[in-house]
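1. Give me a model of this one.
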Amino acid sequence: MKKQEVHGKVKKVKGKAKETVGILTGDKKMEHEGSLQRAEGAVQEGLGKAGRKIGEAVTNLGNAIKR
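-> Predicted coordinates:
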């Protein structure tokens, strides 16, 4: 798992927590910030996952060519 993927997961969890606290306390600003942070984390995680998949595909292609 790439660092970017892990950081994205962490950001998603933090955003969800912030969003939940905002909902529970009635703090719309915090709720909105958490929602945005969760979305950013999802994008970051997706980019990390895509990068990992591309790297794996290139490695597999290189191994196939060597044979």
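
2. got a pLDDT number for residue 63?
-> For residue 63, the model assigns a pLDDT of 89.

3. Could you check how far it is from residue 55?
-> Distance of residue 63 to residue 55, computed by Cβ to Cβ, to the nearest Å: 13 Å. Every residue, glycine included, has its C-beta placed from N, CA and C.

4. May I see the buried residues of the helix or strand bottoming out on mean pLDDT in the chain?
-> Across the helices and strands of the chain, mean confidence by mean pLDDT, DSSP states H and E is lowest for helix 28-66: a mean of 94. Residues 30, 31, 34, 35, 37, 38, 41, 44, 45, 48, 49 are the ones in helix 28-66 that count as buried (16 or more other Cβ atoms under 10 Å).

5. show me what contacts the last one?
-> Same thing as residue 49. Counting by Cβ atoms under 8 Å, 6 or more residues apart in numbering, residue 49 makes contact with 2, 5.

6. need the contact list for residue 19.
-> Neighbour list for residue 19: 30, 31, 33, 34, 35, 37, 38 [criterion: Cβ under 8 Å, 6+ apart].
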